[in-house]
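J.: Pasting a predicted model and its sequence here:
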Amino acid sequence: MSSERRPSLVLVGPPGSGKTTVGQVLARRLGVGFTDVDELIVDRAGKAISDIFLQDGEDVFRALEREVVAEALAGVNGVLALGGGSVLAAETRERLRGHRVVHLTVGLADGLRRTGMSTARPLLAGVNPRATFKALLDARAPLYREVATVEIDTARRSANQVARAVLEALGELPASAPPDPVDPDDPLDQATPHHGAVLPDPSIRS
């Protein structure tokens, strides 16, 4: 593939930060395509990510993830969402240099509500999902920040508000631009209350 093909921007962040939902909104607003690395992995493996973890082990999943991410960074146009653990690989962090990388953050309480502590998320399927998720956030936060061009907090924001904040931070939209119209019936316009989910739930991610 041509080396000129590269994502307009790359989204990273922990499970529950809304990478897929926000990525789709950003792609629509930028007029480009959206690609989710987790979906590419599922297509490549022919089975769900939870099944890869259970049947083949995390090492096999991470190797496949590194391969798919490398291909996507080199050959995908538009907005690209990486899996929550993609940044664990040093080679992936190196490949992200020179890309516009958006780190979507989520707090512990919101992240747990967002993921629902689902057993379909392999790394949160243990005896104490809260402790596991906290350890995950603590370990990965420095790695997300290492690769990030900008960092955007998703707490109590709608998907459209997060997308707008991303565009403003990247200089794609002036901060003085008129406010976006709000449709109270559109889930993407519904801000997150303390007791709710961080963003509309797309699909299960690891």
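T.: Great, that's in hand.
J.: Now the helix or strand where Phe61 lies: average pLDDT?
T.: Using DSSP states H and E, Phe61 sits in helix 58-75. Averaging pLDDT along helix 58-75 yields 96.
J.: Flag every buried residue along that helix.
T.: Neighbour counts over helix 58-75 (16 or more other Cβ atoms under 10 Å) mark Phe61, Arg62, Leu64, Glu65, Arg66, Val68, Val69, Ala72, Leu73 as buried. Placement of C-beta: from N, CA and C, glycine included.
J.: ok now do the spatially closest residue to the first one that is not a sequence neighbour, which residues does it touch?
T.: Computed as Cβ to Cβ, 6 or more residues apart in numbering, the closest residue to Phe61 that is not its neighbour in sequence is Ile52, at 4.7 Å. In this structure, Ile52 makes contact with Ile41, Ala45, Val60, Phe61, Leu64, judged by Cβ atoms under 8 Å, 6 or more residues apart in numbering.
J.: Would you check which pair of these lies furthest apart?
T.: Ile41 and Val60 (11.0 Å; Cβ to Cβ).
J.: re the thing from before, mind putting the buried residues of helix 58-75 into CSV with distance to Pro184?
T.: Listed next are the buried residues of helix 58-75 as CSV, based on distance: Cβ to Cβ, whole Å:
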residue, distance to Pro184
Phe61, 40
Arg62, 42
Leu64, 42
Glu65, 38
Arg66, 42
Val68, 38
Val69, 38
Ala72, 36
Leu73, 38
